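> Pasting the sequence and the predicted coordinates here, then a few questions.
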Amino acid sequence: MTRPRAFAVVVVGSEILRDGRADTNGPHIEATLQRAGYLPVLRQVVCDDREAIAEALRISIARAPITIVSGGLGPTFDDLTREGTADAMGLALARDAAIEAKLRERFRRRGLTPPESVYRMADVLVGATPLRNRVGSAPGLLVEGPPTVALLPGVPAEMTSILEAEVVPRLLAIHAPSPGARRVFKIAGLYESEVESLVAPQMASWSAIECTILAAPGEVTLILRAPAERSADLESAGRGIEAALGEAVFSSADEGIEWAVSRDLAASNRTLSTAESCTGGMLGELITSVPGASRFYVGGAVAYANAIKEGWLDVRAATLCAFGAVSAEVAAEMAEGARRRTGADLALAITGVAGPDASEAKPVGLVHVALAAPWGGAALAASFPGDRASIRIRSCRAALNLLRLELARARREGRA
């Protein structure tokens, strides 16, 4: 069924299908157009093949009044999106003299003499509007239609620039969106099935609210959607969700737990350090991925070997001998050592078995997290499922959630 504000996405790139590259453009396009009030109904990924591109366009055009195509607008032999789109829409291609002149001037300024084939980037679909590319060479193209089809370069920075500066404003003028209401709940410390069980009684009373539960290692995202005229119902449902999930909800925005923890630390005026074993610096990387982390994060130690745990973090040899490196006792001494050595107010430590092989006769997935704080310590022991990558990111998110909950508890008790 074709809906007035529906759109489809076609991502062109053999590297995605055959070489393991992740499709980041498709999700970005969908998120951007959803914020503008449009509804994604289909995404296709096709290889750099003229016939495949044309067929994907035909399918998209049949499903939605708007299609956004990413990739295949460059100058090389395998950039065939213009040709495939022309086939699908029955349009001719023609060289745009103004675009060609700009390309020649661009290369002249850079002292380059490219082959004439480069100027294929100046070929446009007859009747299409060229879209300015502010950060690259290949312009985008917009066929207003109906159907409306926008062609964007595959380079993420170029795609994003044209999408936001050129495509969205034109779409808003061509297709009035039908904005809907949306609520997001980011949840830590619970598995997907636990979230579903807790909110099931709430869901039973919803009539016009669409609910999606998304699981990722160490976090769950719950999304509620409703037509704009049912926004009051959505807000009521949101209050029910918050009551059911309590402090497991760490944010109402599309963000990771590191953002929520960063705000809490900045607000508490506390500094933080880290000591990591099985996560090998991932926790520090996650923390410093948030702009402004220097306000509270002082640094950390990657203490993989026992000798480093002893020498850098003052973990006692007797503790390592008695309990092993993967133990609550060692995690606690790592955290205390990091706090003492760095002078930070707080310190998080992680030690565990990420696999694939067990260690110290302890099972893969066993992780101990410890927090050292002025008001005492806190600890978490977990047995995480999944592979090595999953266990490591789950460990980091669990550590940040432990810190988040302890900061909240300290605030309630007047200690932070």
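Yes, it's here.
> got the contact list for the closest residue to Ile99 other than its chain neighbours?
In space, and not counting its chain neighbours, Ile99 is closest to Ala122: 4.0 Å by CB to CB, 6 or more residues apart in numbering. Just so you know, the C-beta spots here come from the backbone N, C-alpha and C atoms, and that holds for glycine as well. Contacts for Ala122 (CB atoms under 8 Å, 6 or more residues apart in numbering) come out as 95-97, 99-100, 103.
> check contacts around Val364.
Listed by CB under 8 Å, 6+ apart, the contact set of Val364 reads 353-358, 391.
> Point out the least confident one among those residues.
Within these, Ala358 has the lowest pLDDT, namely 78.
> Quick check: can you name the pairing partners of the strand or helix carrying Arg183 and their directions?
Taking DSSP states H and E as the criterion, Arg183 maps to strand 180-187. According to DSSP bridges, strand 180-187 has the following sheet partners: strand 219-227 (antiparallel), strand 249-251 (antiparallel).
> Buried residues of the first one, list them for me.
Buried residues in strand 219-227, counted by 16 or more other CB atoms under 10 Å: 219-222, 224-226.
> And stretch 244-252, by the same measure?
244-245, 248-251.
> Arrange these in CSV, one row each, with distance to Ser294 and pLDDT as further columns.
Output for these, formatted as CSV (distance: CB to CB, whole Å; pLDDT from 0 to 100):
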residue, distance to Ser294, pLDDT
Ala244, 37, 94
Leu245, 32, 95
Ala248, 29, 97
Val249, 28, 97
Phe250, 22, 97
Ser251, 22, 96
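> returning to what we had before: so which of the buried residues of strand 219-227 comes closest to Asn25?
Among those, Thr221 lies closest to Asn25 (CB to CB), at 20.8 Å.
> Would you mind naming the residues that bridge with that closest one?
Beta-bridge partners, per DSSP bridges, of Thr221: Lys186, Leu214.
> Hmm, Arg182 and it touching each other?
No: contact criterion CB atoms under 8 Å: Thr221 and Arg182 do not qualify, at 11.9 Å.
> List the residue ranges of the stretch 101-250 of the chain that fall below the pLDDT cut-off.
The stretch 101-250 of the chain contains residues with pLDDT under 70 at 179.
> all strands for it, in order.
Applying DSSP state E, counting those that start in this stretch to the stretch 101-250 of the chain gives strands spanning 123-125, 129-131, 140-143, 148-152, 180-187, 210-216, 219-227, 249-251.
> Quick one, which of the ones you listed gets closest to Pro385.
With CB to CB, the closest approach to Pro385 among the strands of the stretch 101-250 of the chain belongs to strand 210-216: 11.4 Å.
> buried ones in that closest one?
Under 16+ other CB under 10 Å, the buried positions of strand 210-216 are Cys211.
> For it, name the packing helices and strands.
helix 192-203, strand 219-227 (3 or more CB pairs under 8 Å, 6 or more residues apart in numbering; DSSP states H and E).
> Throw those into CSV and include distance to Ala31, thanks.
Converted to CSV, the helices and strands packed on strand 210-216 look like this (distance: least, CB to CB, whole Å):
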stretch, distance to Ala31
helix 192-203, 21
strand 219-227, 12
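> For Ile308, which of these is the nearest?
Minimum separation from Ile308 across the helices and strands packed on strand 210-216 (CB to CB) falls at strand 219-227, 29.8 Å.
> Going along the chain, name the helices of the stretch 1-150 of the chain.
14-18, 25-35, 50-63, 81-89, 97-109 (DSSP state H, counting those that start in this stretch).
> Can you name every helix or strand that the first one contacts?
Same thing as helix 14-18. Packing contacts for helix 14-18, counted by 3+ CB pairs under 8 Å, 6+ apart, involve strand 39-46.
> redo that, cut-off 7 Å
If you count contacts as 3 or more CB pairs under 7 Å, 6 or more residues apart in numbering; DSSP states H and E, helix 14-18 packs onto no helix or strand.
> try the second one
In this structure, helix 25-35 packs against strand 6-12, strand 39-46, strand 66-70, helix 156-162, with contacts taken as 3+ CB pairs under 7 Å, 6+ apart.
> Most tightly packed of the ones you listed?
strand 66-70 (a mean of 29; mean count of other CB atoms under 10 Å).
> What strands line up against that strand, and which way round?
Its sheet considered, strand 66-70 pairs with strand 6-12 (parallel), strand 148-152 (parallel) by DSSP bridges.
> Give me the contact list for that strand.
7-12, 25, 29, 38, 57, 60-61, 81, 85, 147-152, 154, 159, 171, 175 (CB atoms under 7 Å, 6 or more residues apart in numbering).
> now do 6 Å
7-11, 25, 29, 60-61, 81, 148-152, 154, 159 (CB atoms under 6 Å, 6 or more residues apart in numbering).
> What segments of the stretch 251-400 of the chain are strands?
272-276, 297-302, 346-352, 366-373, 376-383.
> Can you read off the pLDDT for the residue lying farthest from the centre of the chain?
The centre of the chain is farthest from one residue, Ala318, which by CA atoms, centre = their mean lies 42.7 Å away. pLDDT, Ala318: 98.
> Which one of the contacts of Ala122 sits in the busiest neighbourhood?
Sorting these by how many neighbours each has (other CB atoms under 10 Å) puts Leu103 first, at 21 neighbours.
> so who does that one touch?
Counting by CB under 6 Å, 6+ apart, Leu103 touches Ala122.
> Also Ala6?
Per CB under 6 Å, 6+ apart, neighbours of Ala6: 39, 41, 64.
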